[in-house]
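Structure of the sequence below:
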Amino acid sequence: MKRIVISVATALVLGTVGLYYGAPSLFKEPLLSANRHLSGLEEKTADAAMHTIHYLDNGTPPNPAPGHGSGTPIVLLHGIFAEKDHWVDFARPLTGQYRVIAPDIPGFGESTRRDDQPYDYAAHVTRLAAFLDALGLAKVHLAGNSMGGTIAALFALQHPERVASVAFIGAPHGIRSPQPSTMDRLIDTGQRPLVAHDAAAFGAMMDLVFEKRPFLPYPILHASEQEALRNATSNTRLWDAQLKDRYLLEQRLSTLQHHPILALWGESDRVFDHSGLQTLQKLLPYAHAEALPGIGHLPMMEAPKETAQRYARFLGVVATNSRETTPKIQ
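Numbering: from 1, shown residues only. Here you go, the predicted structure:
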């Protein structure tokens, strides 16, 4: 009897493992839901600007952060070809004190992508305003990675009264680095290094964006690869729309004068070389800027807890200062 029980248990384990790798789509949503639950986040949708926008939201926090501005929600904006769940681990230390909202920016993730619509920065800023309106949010803290950081800055320039602070969680797109990055060199040879047409290109893209790859369950990684390959043609259009604004942020950043600014830039970033932090500091001398040793382009995934702690300290200082005063972080 004992041998029969062991044999059945072994068969169940092998069968589950077989499904895990043979039919990974069965595990994707349960894994995502479990991780969101650990951060107190739920998936929701809102209709805005001709798009259905999927987003994660924890609602009203159980222990709101004390001090000025504690009721102001945080909105997290991902980069190009990324999606809302890239913020879940980063959000975990924050959701107990802040309302945290992470949307799939229209054109990405599960949100609508329309062939008849533009997805350049002007369009992203307009849609972000419509999304905040749909949620009834008059003022927010904006934090973004790469494309998302640029959208945050441009939105703050266009709607300064609606933004309590701006944080670049990883290098923003649109700043010329004194030293060209690996991606800069690839772009200059006519390549699109973040558009994957096959499995080898997807692997190369992962090596480009990460210095230290975070653990990603196989069903999640497999789904990301399949989506990238499936959308390769459409992604080319979105990539080209951004490339025409290659240094847009550098042209406008110095006019971002009325918000507390945090800039966290990975020292091992191969997408935007960390020497770009010098450019950012010249344009925004009052910003609090930190280089992150051993981190690549996606610090909220490579070191989510530590990066979130840096951001939380920044928000704590913002909460004790006038909204017109740049925070000084010790």
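
what bridges to the residue nearest to residue 84 when sequence neighbours are not counted?
Leaving aside its chain neighbours, residue 84 sits nearest to residue 102 (4.4 Å; criterion: Cβ to Cβ, 6 or more residues apart in numbering). (Glycine included, C-beta is placed from N, CA and C.) Per DSSP bridges, the residues bridged to residue 102 are residue 56.

Residue 102 against residue 55, yeah?
Yes - the criterion here is Cβ atoms under 8 Å, and residue 102 meets it with residue 55 at 6.2 Å.

These two: who's more crowded?
residue 102 (30 against 23; other Cβ atoms under 10 Å).

Relative to residue 76, how far out is the more buried one?
4 Å (Cβ to Cβ, to the nearest Å).

which neighbours do these two share?
84, 87, 91 (Cβ atoms under 8 Å, 6 or more residues apart in numbering).

Pull the contacting residues for the last one.
This means residue 91. 39, 41, 56, 58, 76, 100, 102, 308.

What of the first one?
Taking Cβ under 8 Å, 6+ apart as the contact definition, residue 84 lies against 54, 55, 56, 76, 78, 102, 103, 104, 109, 110.

try the second one
Residue 87 makes contacts with 56, 76, 78, 100, 102, 300, as judged by Cβ under 8 Å, 6+ apart.

Select only the buried ones of those in ChimeraX?
Burial among the contacts of residue 87 is assessed by 16 or more other Cβ atoms under 10 Å; the matching ChimeraX selection reads:
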select :56,76,78,100,102,300
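
So which of the contacts of residue 87 is the closest to residue 197?
The shortest approach to residue 197 among the contacts of residue 87 belongs to residue 78, at 21.7 Å (Cβ to Cβ).

Roughly how far does residue 97 sit from residue 58?
10 Å.

Can you identify each of the strands in the protein by residue range?
42-48, 51-57, 74-77, 100-103, 140-146, 163-172, 261-266, 288-292 (DSSP state E).

quick one: which of those strands is nearest residue 248?
strand 163-172 (10.2 Å).

so what strands line up beside the closest one?
In the sheet, strand 163-172 lines up with strand 140-146 (parallel), strand 261-266 (parallel) (DSSP bridges).

check contacts around the most centrally placed residue in the chain.
The centre of the chain sits closest to residue 78, judged by Cα atoms, centre = their mean, with a distance of 2.5 Å. By Cβ under 8 Å, 6+ apart, the contact set of residue 78 is 84, 86-87, 102, 104-105, 108-109, 144-148.

Can you check the pLDDT for it?
For residue 78, the model assigns a pLDDT of 98.

Now the phi/psi pair for it, please.
phi -80, psi 170 (degrees, to the nearest 10).

Alright, that wraps it up for me.
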